[in-house]
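Participant: Please find the sequence and the predicted model below.
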Amino acid sequence: MLEVVLALAAALLFALGTVLQQAEAARAPDDAALRPGFLLALVRRPRWLAGIGADAGGFVAQAAALGIGRLVVVQPLLAATVVFALPLGHRLTGQRVVRRQVVAAVAVTAGLGAFLVLADPEGGREDATTGAWLAAFAVAAAICVPLVAAARGAAPARKATLLGIATGILWGLSAGLTKAVVEDLDEGVLHLLADWHTYALVVVGYASLTLAQASLQTGRLAPAVATQSVLDPLSSVVLGVVAFQEGLHDTPAELVGALAGLALMVGGLAVLAQSSGTAARSPDTSAAKRSSV
């Protein structure tokens, strides 16, 4: 299916972008990550901009996939980001990858394949109702705000995990907004400029980008990317089923198998999230930490 190819291409581009951004964000001082000017400081770094360019390509592929596919199919595929990110991190920035991470990545891939084969989603709306969107925003805020507050002053691995969880939730919300915006593309640019989904996507996208960079700034690639990849498909599946009314397969046995595949995927990502000591910083990080962003 074309949406599967597009989603996997998006995952690969997101992985490349994440690795490049992490290499630069990890050089920032610990207290700079959640400052308002953090992103503006990173803009001056060519490698970080290259990472953003890769992310932009990934977003285009994701939007195209969401335009022809369902949230409950496209977003779980993006969990492959962490599978791609580990070898890319090892190759491009010297991140250390251990056997446990490789096994966990295989589990993610196997669980993802089982979910896609057995879930067989059907139905769904082009957009959620206003009430459903308000509820989704409220739930996301109620979860993400305490996570960000708890991340302040936390140890690097814990900080990466907390901010990664918040990022994944916002990514799931962004995916739903992206799907709604893509569905309205045929109405023209003026319609998009008058549509509240467009502005909500910009706000949520900026917030998720800031939190993603803050999680990568810790230098712990595995827990940062894994938690983002766990919560993105989970929140997207919940949003797709509850708000967009996308149903999974009606056969009980296949539904159980699909959920088991999703659980295997989440379990593998959880193992990766606990790999707090396997992602080393760049050699020049210690010196960079003493300088201002």
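Facilitator: Cool, the structure landed.

Participant: residues contacting Leu2?
Facilitator: The contact partners of Leu2, by C-beta atoms under 8 Å, 6 or more residues apart in numbering, come to Ala65, Ile68. Heads up, the C-betas are built off the backbone N, CA and C, glycines and all.

Participant: any idea how far Leu12 is from it?
Facilitator: Separation of Leu2 from Leu12 (C-beta to C-beta, to the nearest Å): 16 Å.

Participant: Please apply the same query to Val74.
Facilitator: For Val74, the distance to Leu12 equals 14 Å [C-beta to C-beta].

Participant: Between these two, which is the more surrounded one?
Facilitator: Under the neighbour definition other C-beta atoms under 10 Å, Val74 and Leu12 were set side by side, and Val74 has more, 28 against 20.

Participant: mind listing what that one touches?
Facilitator: Glu3, Leu6, Ala7, Gln62, Ala65, Leu66, Ala175, Ser236.

Participant: rerun at 10 Å
Facilitator: 3-4, 6-7, 10, 61-68, 175, 178-179, 233, 236, 240 (C-beta atoms under 10 Å, 6 or more residues apart in numbering).

Participant: In the stretch 151-293 of the chain, where is pLDDT below threshold?
Facilitator: For the stretch 151-293 of the chain, residues meeting the criterion pLDDT under 70 lie at 248-250, 273-293.

Participant: ranges for the helices of it?
Facilitator: Using DSSP state H, counting those that start in this stretch, the helices found in the stretch 151-293 of the chain span residues 156-183, 189-193, 196-216, 221-242, 252-273, 285-289.

Participant: Just say which of these is most tucked in.
Facilitator: Of all those, helix 221-242 carries the top mean neighbour count, a mean of 27, counting by mean count of other C-beta atoms under 10 Å.

Participant: what angle do that helix and helix 196-216 make?
Facilitator: 150 degrees (axes from the mean of the first three to the mean of the last three C-alpha atoms, to 10 degrees).

Participant: Any buried residues in stretch 130-146, and which?
Facilitator: Ala132, Trp133, Ala136, Ala140, Cys144 (16 or more other C-beta atoms under 10 Å).

Participant: Let's see which of the residues you listed end up in strands.
Facilitator: Among the buried residues of stretch 130-146, the subset assigned to strands under DSSP state E is empty.

Participant: Filter the residues you listed down to the ones in helices?
Facilitator: Ala132, Trp133, Ala136, Ala140, Cys144 (DSSP state H).

Participant: ok, which pair from these is furthest apart?
Facilitator: Spatial extent of those (C-beta to C-beta) is set by the pair Ala132 and Cys144 at 18.2 Å.

Participant: thinking again about what came up before, output the buried residues of stretch 130-146 in CSV; the columns should cover pLDDT.
Facilitator: CSV is the format used below for the buried residues of stretch 130-146 (pLDDT from 0 to 100):
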residue, pLDDT
Ala132, 94
Trp133, 95
Ala136, 95
Ala140, 96
Cys144, 96
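
Participant: Distance to Arg45 added to those, as TSV?
Facilitator: TSV is the format used below for the buried residues of stretch 130-146 (distance: C-beta to C-beta, whole Å):
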residue	distance to Arg45
Ala132	39
Trp133	35
Ala136	34
Ala140	30
Cys144	27
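
Participant: orientation of the host helix or strand of Thr109 relative to helix 252-273 in degrees?
Facilitator: Assigned by DSSP states H and E, Thr109 falls within helix 99-119. On the basis of the same axes, to 10 degrees, helix 99-119 is oriented at 160 degrees to helix 252-273.

Participant: helices or strands next to helix 99-119 in the packing?
Facilitator: Other elements packing on helix 99-119 under the criterion 3 or more C-beta pairs under 10 Å, 6 or more residues apart in numbering; DSSP states H and E are helix 2-25, helix 71-77, helix 80-93, helix 221-242, helix 252-273.

Participant: from the chain's centre, how far out does the third one sit?
Facilitator: This points to helix 80-93. Helix 80-93 has its C-alpha centroid displaced from the chain centroid by 14 Å (C-alpha atoms, centre = their mean, to the nearest Å).
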